[in-house]
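> One predicted model, sequence on top.
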Amino acid sequence: MTEQATVAEGDRLVRGVGAARAVSDDEHVQQLYDVEAHVRKMNEGVLVEDPHPAFAELRAAGPVHRGSVAELLGVPAGRSQRPDLPHYSAFSYQACATALRDNLLFSSEHHAGPTTQRFGRSILEMVGDEHRRYRALAQGTFAPRMRQWWIDQWIAGLVDKALSAFEERGTAELNAELCARIPLFTITGSFGLGPDDSWRFRELFGNPDRTRAPEHITEAFTWATSRLRSVIEDRRAQPRDDLLTVLVQSELTEDGQRHLLTDEDILAFSRLLLTAGSGTTWRQMGIVFAALLSDPETLDAVRRDRSLIPAAVEEAVRWEPINPVLRRLVTRDTTLCGLDLPAGCVLELNLSAANRDPDRWTDPDRFDIRRPPRGHVGFATGPHVCLGIHVARAEMTVALNAALDRLPGLRLDDAHTAPRVVGLEHRGSSPIHVVFSPAGR
């Protein structure tokens, strides 16, 4: 497809947004953020509910095993991108942390191919100096010192708007009505996309039916390219205080020469960060709420002492990371924790098992916000540690604080099934139905 044809097709898709229905329709939002339906599609119809006992048995038998995580659990392989290669899986904290910190030996180039087709070449698949150069372009905007900027620009206002929509009702389903909206509109807003564009992006990049079908991948790529290119042109002409302007104005040094990022560089960054920012934190936020609401004593402690909120967020990430399996390509023959790995094999890193390693944590299966802080791999670690880690923490902290402030007596709704965390490769909470004292009563 030519550049002109791509833009024309993208314009057609943009004009079609909302023509057949309202993009903010509650039922449609529920469908877009249906965790159980999502994880079933990711695992060929199988709903993996509690894999932790099996993980514990495998970890106790050895830190690294031959076979993929899914294969070892006896479930469909899901989204492994290289089924032609031998697979190994790491289950201990030591094995996973070691592999994550050495991105030359355990290379993220594994992501090249289908991922490049979706996003363009991006930092997700880069290694070494190239990865450091490109990641540094956006790193400053996601640094701890920028936390308040994100809160003031987007997060606080979005949380207020979400809560205002249901606080007078006395009931809510937190996944769709709160958790789904904050990360989505935060990251899309930082790229200059409005609500209709945000929902359209979620439809195209967050639906497993679409992300796994070539024709849908092409549709998503085409739409995002067209829509983002117009915003890039606008930011070149009229810079604003947002993330896209940062990328437009960033300079890269290559072969001793400094130059601005090309449109293709910016588009690859944009598609990747938009997908990661809108498709992950909402599930982790749901897990935080589900864990606290399922433990009224801990919830009351947090309600009384808000200084416990950061610990609650961090413990939830350790206890139930949303992306339990990361993959790396082993670039040369090596030995990891006593097991020989051949060059060219895929190593799957089981972050869930690593985060519950009894060699590192006492009683690791328990959700305990008062446990002594210790580094985990819920956000990964090493060169490819989650770029948006501090923004994600801010989103969860602000949302939880505001919910406790504005939803008095917040508790699970006994009229609905209690939430449970489900999924193998993409974990999240089932619907979180709550009741509380309506505002003004």
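Right, received. Where do you want to start?

> So, low pLDDT: which residues of the stretch 151-300 of the chain?
207-214 (pLDDT under 70).

> in it, which spans are helices?
Counting by DSSP state H, counting those that start in this stretch, the stretch 151-300 of the chain has helices at residues 156-164, 174, 181-190, 195-206, 208-211, 214-237, 243-249, 263-279, 281-293, 296-304.

> a markdown table for the ones you listed, including mean neighbour count?
Bear in mind the C-beta positions are built from the backbone N, C-alpha and C, glycine included. Listed next are the helices of the stretch 151-300 of the chain as a markdown table, based on neighbours: other CB atoms under 10 Å:
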| stretch | mean neighbour count |
| --- | --- |
| helix 156-164 | 17 |
| helix 174 | 25 |
| helix 181-190 | 24 |
| helix 195-206 | 21 |
| helix 208-211 | 15 |
| helix 214-237 | 18 |
| helix 243-249 | 20 |
| helix 263-279 | 22 |
| helix 281-293 | 26 |
| helix 296-304 | 14 |
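
> can these go into a markdown table with extra columns for distance to residue 371?
What follows is the helices of the stretch 151-300 of the chain, written out as a markdown table (distance: least, CB to CB, whole Å):
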| stretch | distance to residue 371 |
| --- | --- |
| helix 156-164 | 27 |
| helix 174 | 25 |
| helix 181-190 | 26 |
| helix 195-206 | 33 |
| helix 208-211 | 34 |
| helix 214-237 | 41 |
| helix 243-249 | 34 |
| helix 263-279 | 28 |
| helix 281-293 | 13 |
| helix 296-304 | 12 |
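
> looking at these, which is closest to residue 59?
With CB to CB as the measure, helix 281-293 is the member of these nearest residue 59 (21.1 Å).

> Now do the closest one against helix 195-206, angle only.
Interaxial angle of helix 281-293 relative to helix 195-206 (axes from the mean of the first three to the mean of the last three CA atoms, to 10 degrees): 90 degrees.

> so what secondary structure elements neighbour helix 281-293?
Using 3 or more CB pairs under 8 Å, 6 or more residues apart in numbering; DSSP states H and E, the elements in contact with helix 281-293 are helix 181-190, helix 296-304, helix 309-319, helix 389-406, strand 428-429.

> residue contacts, the closest residue to residue 30 other than its chain neighbours?
Once flanking residues are discounted, residue 30 sits nearest to residue 176: 4.9 Å by CB to CB, 6 or more residues apart in numbering. Going by CB atoms under 8 Å, 6 or more residues apart in numbering, residue 176 touches 26, 29, 30, 33, 431.

> 10 Å - rerun?
Taking CB atoms under 10 Å, 6 or more residues apart in numbering, we find residue 176 in contact with 26-34, 282, 286, 431-432.

> Would you mind checking the residues you listed for buried ones?
Burial by neighbour count, judged by 16 or more other CB atoms under 10 Å, picks out 29, 30, 32, 33, 34, 282, 286, 431, 432 from the contacts of residue 176.

> Could you point out which of those is nearest to residue 156?
For these, the closest approach to residue 156 (CB to CB) belongs to residue 282, at 17.1 Å.

> measure the closest residue to residue 410 other than its chain neighbours to residue 219 for me?
In space, not counting the residues next to it along the chain, residue 410 is nearest to residue 436; the distance is 4.5 Å by CB to CB, 6+ apart. Separation of residue 436 from residue 219 (CB to CB, to the nearest Å): 40 Å.

> name the element the closest residue to residue 48 other than its chain neighbours belongs to?
The shortest distance from residue 48 to any non-neighbouring residue, by CB to CB, 6+ apart, is to residue 424 (4.0 Å). Using DSSP states H and E, residue 424 falls within no helix or strand.

> got the contact list for residue 424?
With contact taken as CB under 10 Å, 6+ apart, residue 424 is in contact with 39, 42-43, 46-49, 51, 69-70, 73, 75-76, 78, 324-325, 350, 352.

> Can you tell me which of those are buried?
By neighbour count, with 16+ other CB under 10 Å, these hold 39, 42-43, 46, 48, 51, 69-70, 73, 75-76, 78, 324-325, 350, 352 as buried.

> closest to residue 170 among the residues you listed?
residue 39 (30.0 Å).

> Would you quantify the distance from the closest residue in space to the closest one that isn't next to it in sequence to residue 41?
The shortest distance from residue 39 to any non-neighbouring residue, by CB to CB, 6+ apart, is to residue 423 (3.6 Å). From residue 423 across to residue 41, the span is 11 Å (CB to CB).

> Same drill for the two, tell me which one is more crowded.
residue 423 (26 against 17; other CB atoms under 10 Å).

> Wait, the more buried one touches residue 75, no?
No. Judged on CB atoms under 10 Å, residue 423 makes no contact with residue 75 at a distance of 11.1 Å.

> what do those two both touch?
Common neighbours of residue 423 and residue 75, using CB under 10 Å, 6+ apart, are 43, 47, 48, 51.

> ok, back up a step: compare the helices of the stretch 151-300 of the chain and give me the one nearest residue 332.
Closest to residue 332 of those, according to CB to CB: helix 263-279, at 27.4 Å.

> Restrict the closest one to CA atoms and write it as CSV.
In CSV, the C-alpha atoms belonging to helix 263-279 read as follows (Å, rounded to 0.1, in the frame of the first residue of the first chain):
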residue,chain,number,x,y,z
ASP,A,263,8.2,10.3,11.7
GLU,A,264,8.7,6.5,11.5
ASP,A,265,10.7,6.6,14.7
ILE,A,266,8.0,8.6,16.5
LEU,A,267,5.2,6.4,15.1
ALA,A,268,6.9,3.3,16.4
PHE,A,269,7.4,4.8,19.8
SER,A,270,3.8,6.0,19.8
ARG,A,271,2.2,2.8,18.9
LEU,A,272,4.2,0.9,21.4
LEU,A,273,3.7,3.3,24.3
LEU,A,274,0.0,3.7,23.6
THR,A,275,-0.5,0.0,23.6
ALA,A,276,1.6,-0.7,26.7
GLY,A,277,0.1,2.3,28.6
SER,A,278,-3.5,1.5,27.8
GLY,A,279,-3.4,-2.3,28.0
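
> Show me what it is packed up against.
Contacts defined by 3 or more CB pairs under 10 Å, 6 or more residues apart in numbering; DSSP states H and E place helix 263-279 against helix 114-119, helix 128-139, helix 181-190, helix 195-206, helix 214-237, helix 243-249, helix 389-406.

> check contacts around the residue nearest to residue 39.
With CB under 10 Å, 6+ apart, residue 423 has these contacts: 35-36, 38-40, 42-43, 47-49, 51, 78, 283, 320, 322-324, 429-430.

> what do you get for residue 107?
Counting by CB under 10 Å, 6+ apart, residue 107 has contacts 125, 126, 127, 128, 328, 329, 330, 331, 332, 347.

> 7 Å - rerun?
Counting by CB atoms under 7 Å, 6 or more residues apart in numbering, residue 107 touches 127, 328, 329, 331.
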